[in-house]
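**Student:** here is my input; please provide its structure:
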Amino acid sequence: METSLASLGPFSVPADNPDILSQLLENQKSPHTWRAYKKDIRDFFRFVADANEPTPLLVEAFLNLEQPQALALVLRYKNHLRDVRCLKEATINRRLAALKALVRLANQLGQCRYTLGGIKGEKVSRYRDTTGISQTVYRQILKIPNQKTIKGKRDYAILRLLWDNALRRNEIVQTNLEDLDLERRSLAILGKGKGRQKQWVTLSAATVTALKAWLAVRPGSKNKIQPLFVALDRAHLGHRLTGTAIYQLVRNTAKAAGVTKLLSPHRIRHSGITAALDATNGDVRKVQKFSRHADLNTLMIYDDNRRDVQGEITDLLANLI
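**Tutor:** Numbers count the residues shown, from 1 in each chain. Predicted coordinates:
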């Protein structure tokens, strides 16, 4: 018989028992991690218990399982993600990581007797396609925003940041007015995996000009803790621009420029990093300062891809016979 929380009897939660899920979420320094954990754990309980929200009662039921039951339940969920929903390996691993974090915290608090250490993630092939688009194509994309309009000024500034500094969309989303120092041509960002520790990146002269043009017309409060980029539609005017909005901005602008390849903010980052390697003749250490990759081996993948090392060796072998 299949293990399912929905088929188990009711569980009582003692009044002095901690809400493990709430504590897990409160401990997350990054808002992005907080949202991802909440979404992923909700997805798990929707699958195993047909519940829209993981209530403390359901979480307690899961944490009170015996190890064989828990492992069977999580493995069934993992197989469902892979074989039925056909999710990407990275997405599956992220959802498993959220569950493991929940169980690990429960163990530390003495509220769980099992671990999920035996649940292995899916093998991920990182950075298979880092080609992106050429600078010539991106030059055409930059011509699309009408810089005589408020929206055009905002969109152009965002597109410059995506290319000139290879920023991730969440790094742009999280910036506030206080993070921008135009005199020093600098922007403080919350880099990936850096917690709440901000790092300063130097801006190009073209990006500074674009940001000045945007700030001159930016609607809403000029309070320094307000977001640097805000929505302009009537329903959300002045609210922080979302990552989804930046994704749609890139996709629609590229389409208007006649780009047939599906473009995303992260593909622009790939493009900028590849162009930087071309411009520096493959100086990976210099480009690492630009891309802010913690692992130099990641940049070596970019460098191998741009030079098509595999194709070069293939041609050498072909010429031997």
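
**Student:** all strands for the chain, in order.
**Tutor:** For the chain, the strands defined by DSSP state E cover 180-181, 186-189, 199-202.

**Student:** paired strands for the first one, with orientation please.
**Tutor:** Read that as strand 180-181. strand 186-189 (antiparallel) (DSSP bridges).

**Student:** which residues sit against the strand it pairs with?
**Tutor:** 161, 165, 167, 171-172, 174-175, 179-181, 198-203 (Cβ atoms under 8 Å, 6 or more residues apart in numbering). Any C-beta I mention is one placed from the backbone N, CA and C, and that applies to glycine too.

**Student:** at 10 Å instead, please
**Tutor:** 161, 165, 167-168, 170-172, 174-176, 178-181, 198-203, 207-208, 211, 228, 292 (Cβ atoms under 10 Å, 6 or more residues apart in numbering).

**Student:** quick revisit: including mean pLDDT, mean neighbour count and distance to residue 134, could the strands of the chain go into JSON lines?
**Tutor:** Converted to JSON lines, the strands of the chain look like this (pLDDT from 0 to 100; neighbours: other Cβ atoms under 10 Å; distance: least, Cβ to Cβ, whole Å):
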{"stretch": "strand 180-181", "mean pLDDT": "96", "mean neighbour count": "16", "distance to residue 134": "29"}
{"stretch": "strand 186-189", "mean pLDDT": "95", "mean neighbour count": "19", "distance to residue 134": "26"}
{"stretch": "strand 199-202", "mean pLDDT": "94", "mean neighbour count": "14", "distance to residue 134": "23"}
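
**Student:** the residue nearest to residue 173 when sequence neighbours are not counted: how many residues sit nearby?
**Tutor:** Closest residue to residue 173 apart from its sequence neighbours, by Cβ to Cβ, 6 or more residues apart in numbering: residue 243 at 5.2 Å. Neighbours of residue 243 under the rule other Cβ atoms under 10 Å: 17.

**Student:** residue 243: what's it in contact with?
**Tutor:** Contacts of residue 243 by Cβ under 10 Å, 6+ apart are 32, 35, 168-174, 265.

**Student:** need the max-distance pair from those.
**Tutor:** 35 and 265 (17.2 Å; Cβ to Cβ).

**Student:** could you dump the strands of the chain into JSON lines with distance to residue 110 added?
**Tutor:** Compiled in JSON lines, those are given as follows (distance: least, Cβ to Cβ, whole Å):
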{"stretch": "strand 180-181", "distance to residue 110": "46"}
{"stretch": "strand 186-189", "distance to residue 110": "39"}
{"stretch": "strand 199-202", "distance to residue 110": "38"}
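
**Student:** from the contacts of strand 186-189, list just the buried residues.
**Tutor:** For the contacts of strand 186-189, a burial check counting by 16 or more other Cβ atoms under 10 Å picks out 161, 165, 167-168, 170-172, 174-175, 179-180, 201, 203, 207-208, 211, 228, 292.

**Student:** isn't residue 191 up against residue 197?
**Tutor:** Yes - proximity of residue 191 to residue 197 meets the contact threshold set by Cβ atoms under 10 Å, at 8.0 Å.

**Student:** look at those two and report which has more neighbours.
**Tutor:** residue 191 (17 against 9).
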